[in-house]
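Enquirer: Sequence first, predicted model second:
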Amino acid sequence: MGYNDHIEDQEFTRIAPDKFVCADCVEDSFLKDEIEKHLAKRKCDYCGKGGSGDVAAPVSAIMEPIAATFSYYFEYPDHAGVPYDGGGYAVDLNITTEDALRHLGLECQEELFADVSGSIGNDTLWVEAADGLWLGEHQSEFLSSQWAKFVQTVKHQSRFFFSSSPPSARKITTSYTFLMMRDWFRKGPPSARKITTSYTPSEILAQIGKAVSSQGLVRTWPMGTRLFRARERKTNDTWSLDDATQLGPPKDNKARTQRMSPAGISYFYLAKERETALAEVIGKPPCRLAIGRFSLRRNLCLLDLTQLPSVSVFDHEHRSQHEIWSFLTEFSRLISQPVEKDGQEHIEYVPTQVLSEYFAKIYKKIDGNPLDGMVYHSALRETGINIVLFPPQQDQKGFMGLAELIGTEEVTFQNWTDFCRKIKQTSMIKTKAP
Ligand SMILES: [Zn+2]
């Protein structure tokens with residue numbers, strides 16, 4: 001069977017039931033919009049909702065994007081090139097149409113789900129595929145695997161001169177060579193098609209830079225935004241709570257290895273919430289902590305990895321944006337993973353340190369100016385948000401030109417129960433008299 005027959009075959013499965021559905025019967029916002037665009041009947045055949053005007057669209061209105069997405073991520077084993085081994089396929093096939101639809105995240109009214117599944121075909125078992133090929137990689141998977149390769153390289157292979165790897169050192173990965181060969185037989189010579197190679201460490205950083213720009217993740221945090229920073233106060237510490245230098249970032253020669261900065265280079269770490277600032281520094285109670293409240297002295301441009309605008313998987317015209325969103329969501333989770341402070345953190349933190357140096361020194365915003373910092377999820381407090389400010393490249397006042405200490409407090413925690421109780425209390429920070 002040729003490639004064109006295959007397309008027709010897929011089309012054949014897209015016969016939608018002759019029914020009408022309302023926007024309330026689907027969860028996905030893109031599918032809701034498709035229904036709203038094609039309203040043609042006053043009653044929904046699934047939930048029974050009716051109105052004085054049209055409230056339901058033909059099921060075919062959503063069936064088309066669902067089927068297009070389905071055939072993008074799943075394929076018949078024969079068409080995807082799953083090899084035979086003896087009497088059957090070399091891999092276990094266990095993905096039913098319903099499994100595949102759930103995997104895509106289709107949430108809808110029960111009877112509608114059964115109709116969609118039935119239209120695609122309930123008797124078929126599928127394999128996950130990319131570009132119609134078993135073992136292929138989608139853009140998000142490819143970027144994730146390249147990030148994993150970057151992590152491995154900077155942790156265990158080359159830390160300082162990776163950016164000078166000559167282009168000739170790039171290799172086409174084995175699976176891709178295999179896929180391209182097989183693809184050649186099926187679809188013709190590769191010259192007309194995209195050939196994916198693996199990225200060097202510098203290239204994956206540039207790709208991540210491109211991805212965050214395309215998703216609009218550089219945002220302005222306005223002057224006056226309140227942020228928090230905590231520091232442990234040992235029993236014999238006598239520094240004054242009003243001393244901004246004690247609650248601000250350490251001097252370079254005192255800077256320890258951190259998630260986003262190596263030892264010896266000071267970055268300014270803050271938290272959006274007082275609770276997060278406390279959770280980030282608390283050791284083992286009983287302990288005493290000083291908390292400072294800071295206010296941004298000017299508008300700052302920050303790369304925000306905590307609010308990624310989602311693109312529906314069913315929005316087939318924006319497939320690439322969905323894939324990039326999908327990668328960035330996973331990436332944002334990975335860079336905020338907890339790291340055991342067991343002495344190995346200087347290795348575990350290397351990939352995020354290189355990443356943050358890339359955004360601090362190399363990356364440029366659309367207007368050509370550098371970023372002021374990065375926003376990322378706290379590894380220690382589920383909903384907590386951390387901010388790291390990069391050493392200012394132009395500001396003569398250094399970090400103090402970015403944020404000002406406007407209030408302080410001291411908290412003592414006797415044990416973890418005490419900590420859990422007090423962390424929920426409203427801030428008792430006293431703002432300094434103007
Ligand atoms: Zn309905």
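Expert: Structure received.

Enquirer: from here on, contacts and neighbour counts on C-alpha atoms
Expert: Noted.

Enquirer: Can you list phi and psi of the closest residue to Lys43 other than its chain neighbours for me?
Expert: Among residues not flanking Lys43 along the chain, Gly50 sits closest, at 4.2 Å (CA to CA, 6 or more residues apart in numbering). With angles defined as degrees, to the nearest 10, Gly50 sits at phi -140, psi 170.

Enquirer: By mean pLDDT, which helix or strand of the chain comes out lowest?
Expert: Every helix and strand in the chain was compared by mean pLDDT, DSSP states H and E; the lowest is helix 3-12, with a mean of 45.

Enquirer: Tell me the first helix or strand C-terminal of that helix.
Expert: strand 20-22 (DSSP states H and E).

Enquirer: That following strand pairs with which strands, and in what direction?
Expert: Sheet pairing for strand 20-22, assigned by DSSP bridges, gives strand 56-58 (antiparallel).

Enquirer: which outside residues touch the strand it pairs with?
Expert: 18-23, 35-36, 38-44 (CA atoms under 8 Å, 6 or more residues apart in numbering).

Enquirer: Which one (most neighbours) among these?
Expert: Neighbour count (other CA atoms under 10 Å) singles out Val21 as the most crowded of the contacts of strand 56-58, with 29 neighbours.

Enquirer: Can you tell me the SS state at Val388?
Expert: strand (DSSP: H, G, I helix; E, B strand; the rest coil).

Enquirer: Contacts for stretch 366-382, please.
Expert: With CA under 8 Å, 6+ apart, stretch 366-382 has contacts from 276, 279-280, 300-306, 332-333, 336-338, 356, 359-365, 383-392.

Enquirer: tell me the two of the contacts of strand 56-58 that are most distant?
Expert: Farthest-apart pair in these is Asp18 and Glu36; separation 17.6 Å (CA to CA).

Enquirer: Extract the CA atoms of stretch 239-257 and return them as CSV.
Expert: These are the backbone C-alpha positions of stretch 239-257, laid out as CSV (Å, rounded to 0.1, in the frame of the first residue of the first chain):
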residue,chain,number,x,y,z
TRP,A,239,23.9,41.7,62.6
SER,A,240,21.1,44.2,62.6
LEU,A,241,17.8,43.3,60.9
ASP,A,242,17.8,46.7,59.2
ASP,A,243,21.1,46.0,57.5
ALA,A,244,20.2,45.6,53.8
THR,A,245,23.6,44.1,53.0
GLN,A,246,22.9,41.2,55.3
LEU,A,247,19.6,40.3,53.7
GLY,A,248,20.6,41.1,50.2
PRO,A,249,22.7,38.8,47.9
PRO,A,250,26.1,37.8,49.2
LYS,A,251,29.4,39.2,47.9
ASP,A,252,30.9,37.2,45.1
ASN,A,253,33.6,35.7,47.2
LYS,A,254,30.9,34.4,49.7
ALA,A,255,28.5,33.1,47.0
ARG,A,256,27.9,29.4,47.4
THR,A,257,26.8,27.0,44.6
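
Enquirer: So for it, mean pLDDT?
Expert: On average, the pLDDT along stretch 239-257 is 85.

Enquirer: can you check stretch 371-388 too?
Expert: Averaging pLDDT along stretch 371-388 yields 91.

Enquirer: Check the secondary structure at the spatially most central residue of the chain for me.
Expert: The C-alpha lying nearest the average C-alpha coordinate of the chain belongs to Thr329 (CA atoms, centre = their mean; 1.6 Å). Put simply, Thr329 is helix when judged by three-state DSSP.

Enquirer: if I pick it, what's in contact with it?
Expert: Leu308.

Enquirer: who in the stretch 1-150 of the chain is up against the ion?
Expert: Cys22, Cys25, Cys44, Cys47 (CA under 5 Å from the ion).

Enquirer: ok, 6 Å please
Expert: Residues of the stretch 1-150 of the chain that fall close to the ion, judged by CA under 6 Å from the ion: Val21, Cys22, Asp24, Cys25, Cys44, Tyr46, Cys47, Lys49.

Enquirer: In strands, which of these appear?
Expert: If you go by DSSP state E, those have Val21, Cys22 in strands.

Enquirer: Would you convert the residues of the stretch 1-150 of the chain next to the ion into TSV that also reports pLDDT?
Expert: Below are those laid out as TSV (pLDDT from 0 to 100):
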residue	pLDDT
Val21	97
Cys22	97
Asp24	97
Cys25	97
Cys44	97
Tyr46	97
Cys47	96
Lys49	94
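
Enquirer: where exactly do the helices run in the stretch 151-300 of the chain?
Expert: 174-187, 201-214, 244-247, 274-281 (DSSP state H, counting those that start in this stretch).

Enquirer: excluding its backbone neighbours, what's nearest Met260?
Expert: Nearest to Met260 is Gln353, by CA to CA, 6+ apart, at 4.4 Å.

Enquirer: State the pLDDT value of the one you found.
Expert: pLDDT for Gln353: 91.

Enquirer: Likewise for the one 5 residues further on?
Expert: Turning to Tyr358, the model gives it a pLDDT of 93.

Enquirer: Over to Gly209?
Expert: pLDDT for Gly209: 93.
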